[in-house]
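> Have a look; sequence and predicted model below, questions after that.
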Amino acid sequence: GLLDDNHFELVHILIKMAVSLKSSGSFCSTQLQWLHSTRDRLLYGSSHSNAKECTCKKTKRPAPLCVKATSMKVELDFNDPSWKQKFQEDWDKRFNLPRITDIYDLKPRPTTFSLKKNRSPAGDENGTPMDKWNGYVNNDDRALLKVIKYSSPNSAGAECIDPDCSWVEQWVHRAGPRKEIYYEPEEVKAAIVTCGGLCPGLNDVIRQIVFTLETYGVKNIVGIPFGYRGFFEKGLKEMPLSRHLVENINLAGGSFLGVSRGGAKTSEIVDSIQARRIDMLFVLGGNGTHAGANAIHEECRKRKLKVSVVAVPKTIDNDILLMDKTFGFDTAVEEAQRAINSAYIEARSAYHGIGLVKLMGRSSGFIAMHASLSSGQVDVCLIPEVPFTLDGEYGVLRHLEHLLKTKGFCVICVAEAAGQELLQKSGATDASGNVILSDIGVHMQQKIKMHFKDIGVPADVKYIDPTYMVRACRANASDAILCTVLGQNAVHGAFAGFSGITSCICNTHYVYLPITEVITAPKRVNPNSRMWHRCLTSTGQPDFH
Ligand SMILES: Nc1ncnc2c1ncn2[C@@H]1O[C@H](COP(=O)(O)OP(=O)(O)O)[C@@H](O)[C@H]1O
Ligand SMILES: O=P(O)(O)OC[C@H]1O[C@](O)(COP(=O)(O)O)[C@@H](O)[C@@H]1O
Ligand SMILES: [Mg+2]
């Protein structure tokens, strides 16, 4: 609270001092983390390390010089030789998957999921006993979440736990079919719901969930129409689903079940789950949907219901923590670069042409950054994580003048959440409570036109806002594969008795994460990451402040 923009340099120097002082053991280990988060806050308006002020028990230093990461249950003192062990114990607790057996004393049964056909009860057709078949995932299998060993907090994109950037293993649970399951497939009623905005691949996931449920032997599968709303809005009927019905739904974009925002009343949803006798609920959605899914899971636990709630992360924005990507993101980027290509052609063909493209991304600039990188046609990429000014010596407009002078035309890609501080806030929110952003694209279009008029230089501005075109299409090949794996794994997770989990891809491996770990904040582009630096190398843009 004591620091403002003028102290940025000071914080930077303090970080360097703290790193070099680390061996003296004279400061509480979490101070460095606080300094990093303060620098992040000053740099781009928010903390990326989720650090919260607290008092360090060990050194008794006053706040805010000692902090505890909000996501950590223990306070670490890096002078304590056993800190790593404590961190790992805490990690294992945090990433432990909630199970229905936590509240119920249930006996598992052998799985009904097998890829081996025509087997006898004692073994397969070659006489191999089923328990020797190694097609199942063991509950103790793990995947590593992070694989880079950073030697210093100054390494590009470094995510360090202690000032030394020590190597600490961060294991997460491997996804896939287990040998033992906790439901009788014939008795199961499974429901699927899709919430939030549209996203390429929703139908692919619905389809794979249905296929996999049927492979286990589930007969009663229903779709809840129009998101969480379908649980309580009168007149919305659940839709029976089968392989036959969903066979071709992946050929079209959108959601076969319909989507909606808002209207999530957890207790009413759980009343409805109880009344409909749903045993497994598959929830496809983004940050908001995951928060809703976790609330449903918690409420089911409170009521001691044997219900598995399993989420699959969907959002073109790619803004969910810890995972490599969410399904739909790749397809959205592919569509977005088509818009950039059109802007490029228009700008290139006009005298002093300026192509401007606005791309979606409620809180983060992933689509803008990746579409700029993939198209290779962007001269200026603006994202919310990196502040910029339009006017002045170092502003975007001055750089556009330079581009028109040197190459004759230029292309700008701006993320919808970028530069919000330059605009008047409406203060409005959508039905889910998401802030309705002011239109940076239209603002920039006007500012650019006015600027070039004022300085008497001709400029032909072509503005493209592809909005819903990037998310209403069907999934591309890589998203279709991701959807297939995530959908199948969601069903395996439910049969294995997990609940309150999400089925995702981390560090190229398919895993389950507890929902609680992915909803603490939206994932944002790290301006210190190699990817953002690559984007800057590609566009050749300077700093705009
Ligand atoms: N914190 C929350 N707790 C419970 N439900 C939520 C929460 N945030 C959003 N929801 C519900 O989740 C659904 C989808 O949320 P939304 O933010 O619109 O999309 P997305 O899941 O794609 O981020 C909406 O029905 C919304 O009411
Ligand atoms: O107009 P809508 O449907 O409310 O959606 C707009 C928002 O939806 C998105 O496409 C995706 O957001 P969600 O992941 O919350 O669905 C955002 O990029 C965009 O801000
Ligand atoms: Mg969202």
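Good, I have the coordinates. Ligands and ions are numbered 1, 2, ... in the order given.

> just checking, Ala311 is part of a strand?
Yes. Applying DSSP: H, G, I helix; E, B strand; the rest coil, one finds Ala311 inside a strand.

> Next one: it from ligand 1, what distance?
9 Å (CB to the nearest ligand atom, to the nearest Å). Placement of C-beta: from N, CA and C, glycine included.

> how deep is that residue tucked in, by neighbour count?
Residues lying near Ala311 (other CB atoms under 10 Å) number 33.

> May I have the phi/psi pair for Ala252?
With angles defined as degrees, to the nearest 10, Ala252 sits at phi -120, psi 160.

> didn't it look like it was pressed against Asn203?
Yes. Between Ala252 and Asn203 there is a contact under CB atoms under 8 Å: 6.5 Å.

> Return every residue with contacts to both of the two.
Between them, Ala252 and Asn203 share these contacting residues under CB atoms under 8 Å, 6 or more residues apart in numbering: Arg474.

> who has more neighbours, these two?
Legend: neighbour count by other CB under 10 Å for Ala252 and Asn203, higher for Asn203 (24 against 12).

> so which helix or strand takes in that one?
Secondary structure assignment for Asn203, by DSSP states H and E: helix 202-216.

> Quick one: distance of that helix to the chain centre.
22 Å (CA atoms, centre = their mean, to the nearest Å).

> same thing with stretch 422-430?
Taking CA atoms, centre = their mean, the mean C-alpha location of stretch 422-430 is offset from the chain mean by 24 Å.

> coming back round to it: average pLDDT across the helix holding Asn203?
Averaging pLDDT along helix 202-216 gives 98.

> Identify the neighbouring strands of the helix or strand just after that helix in the sheet and state each direction.
Following helix 202-216 in sequence order, the next helix or strand is strand 220-224 (DSSP H and E). Next to strand 220-224 in the sheet, as set by DSSP bridges, lie strand 189-194 (parallel), strand 239-240 (antiparallel).

> Downstream of whichever strand or helix holds Ile273, the next helix or strand is which one?
Element membership of Ile273, judged by DSSP H and E, is helix 266-276. Going down the chain from helix 266-276, the next helix or strand is strand 280-285, by DSSP H and E.

> if we look at that following strand, which residues are touching it?
Taking CB under 8 Å, 6+ apart as the rule, strand 280-285 contacts 183, 188-196, 202, 205-206, 209, 213, 227, 255, 273, 289-290, 292-293, 296, 307-315, 490-491, 494.

> all helices for the stretch 351-500 of the chain, in order.
366-375, 396-406, 440-454, 477-495 (DSSP state H, counting those that start in this stretch).

> Mind checking the ones you listed for the one nearest to Gly540?
Smallest distance to Gly540 across the helices of the stretch 351-500 of the chain (CB to CB): 9.4 Å, for helix 396-406.

> can you pull the buried residues of that closest one?
Going by neighbour count (16 or more other CB atoms under 10 Å), the buried part of helix 396-406 is Val396, Leu397, Arg398, His399, Leu400, Glu401, Leu403, Leu404.

> Which of those residues sits closest to ligand 2?
Nearest to ligand 2 among the buried residues of helix 396-406, counting by CB to the nearest ligand atom, is Val396 at 22.1 Å.

> For the closest one, give me its contacts.
Counting by CB under 8 Å, 6+ apart, Val396 makes contact with Val380, Leu382, Phe388, Thr389, Leu390, Ile412, Met444, Phe544.

> and if you look at Ala191?
Contacts for Ala191 (CB under 8 Å, 6+ apart) come out as Ile221, Val222, Gly223, Ile224, Glu238, Ile273, Arg276, Ile278, Met280, Leu281, Phe282.

> That one pairs with what?
Beta-bridge partners of Ala191, counted by DSSP bridges, are Val222, Leu281.

> what residues does the stretch 201-350 of the chain put near ligand 3?
For the stretch 201-350 of the chain, the residues in contact with ligand 3 (CB under 5 Å from the ion) are Gly286, Asn287, Gly288.

> Excluding covalently adjacent residues, which one is nearest to the last one?
Once flanking residues are discounted, Gly288 sits nearest to Ser432: 5.0 Å by CB to CB, 6 or more residues apart in numbering.

> What residues does this structure have near ligand 3?
Gly286, Asn287, Gly288.

> try 8 Å this time
196-197, 285-289, 315, 317, 319, 362-363, 432, 434, 522 (CB under 8 Å from the ion).

> Filter the residues you listed down to the buried ones and hand me the PyMOL line.
Here is the PyMOL selection string for the buried members of the residues of the chain next to ligand 3, based on 16+ other CB under 10 Å:
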select buried, resi 196+197+285+286+287+288+289+315+317+319+362+363+432+434+522
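
> So which of the residues of the chain next to ligand 3 belong to strands?
Counting by DSSP state E, the part of the residues of the chain next to ligand 3 found in strands is Gly285.

> Going by distance to Asp80, which of the residues of the chain next to ligand 3 wins?
Pro522 (32.9 Å).

> Now do the closest one against His370, distance only.
Per CB to CB, to the nearest Å, Pro522 is found 16 Å from His370.

> Kindly report the same for Thr389.
24 Å.

> The two: who's more crowded?
Counted by other CB under 10 Å, Thr389 and His370 do not tie: His370 has more neighbours, with 24 against 17.

> Residues in contact with the helix holding Ile273: which ones?
Taking CB under 8 Å, 6+ apart as the rule, helix 266-276 contacts 189, 191, 222, 228, 231-232, 238, 281, 292, 295-296, 299-300, 303, 305, 307.

> relative to strand 189-194, how tilted is it?
Per axes from the mean of the first three to the mean of the last three CA atoms, to 10 degrees, the angle that helix 266-276 makes with strand 189-194 is 140 degrees.

> Now do helix 266-276, average pLDDT.
97.

> One more: stretch 288-305?
Averaging pLDDT along stretch 288-305 yields 97.

> correct me, but Ser364 touches Val386?
No. Contact criterion CB under 8 Å: Ser364 and Val386 do not qualify, at 11.2 Å.

> picking up where we left off before, residues contacting the residue nearest to Gly288?
Ser432 makes contact with Gly196, Arg261, Gly262, Ala264, Gly288, according to CB under 8 Å, 6+ apart.

> As a check, name the ranges of all strands in the stretch 101-250 of the chain.
Applying DSSP state E, counting those that start in this stretch to the stretch 101-250 of the chain gives strands spanning 109-110, 142-144, 171-174, 180-181, 189-194, 220-224, 239-240.

> Other residues contacting the third one?
Residues outside strand 171-174 that contact it (CB under 8 Å, 6+ apart): 91-92, 95, 97, 137, 139, 141-145, 506, 509-513.

> Which secondary structure element of this protein has the lowest mean pLDDT?
One helix or strand of the chain scores below all others by mean pLDDT, DSSP states H and E: strand 66-69, with a mean of 32.

> Dump stretch 349-365 to PDB, restricted to CA.
What follows is stretch 349-365, C-alpha atoms only, in PDB (Å, rounded to 0.1, in the frame of the first residue of the first chain):
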ATOM      1  CA  SER A 349      -3.400  -2.700 -50.800                       C
ATOM      2  CA  ALA A 350      -4.400   0.800 -49.500                       C
ATOM      3  CA  TYR A 351      -2.300   3.900 -49.700                       C
ATOM      4  CA  HIS A 352      -1.100   4.400 -46.100                       C
ATOM      5  CA  GLY A 353      -3.400   1.500 -45.000                       C
ATOM      6  CA  ILE A 354      -3.800   0.700 -41.300                       C
ATOM      7  CA  GLY A 355      -5.400  -2.600 -40.500                       C
ATOM      8  CA  LEU A 356      -6.800  -2.900 -37.000                       C
ATOM      9  CA  VAL A 357      -8.200  -6.100 -35.600                       C
ATOM     10  CA  LYS A 358      -9.800  -6.500 -32.100                       C
ATOM     11  CA  LEU A 359      -9.800 -10.100 -30.700                       C
ATOM     12  CA  MET A 360     -11.600 -11.600 -27.700                       C
ATOM     13  CA  GLY A 361     -10.100 -12.300 -24.300                       C
ATOM     14  CA  ARG A 362     -12.000 -11.100 -21.300                       C
ATOM     15  CA  SER A 363      -9.000 -11.000 -18.900                       C
ATOM     16  CA  SER A 364      -6.000 -12.000 -20.900                       C
ATOM     17  CA  GLY A 365      -4.300 -11.500 -24.200                       C
END
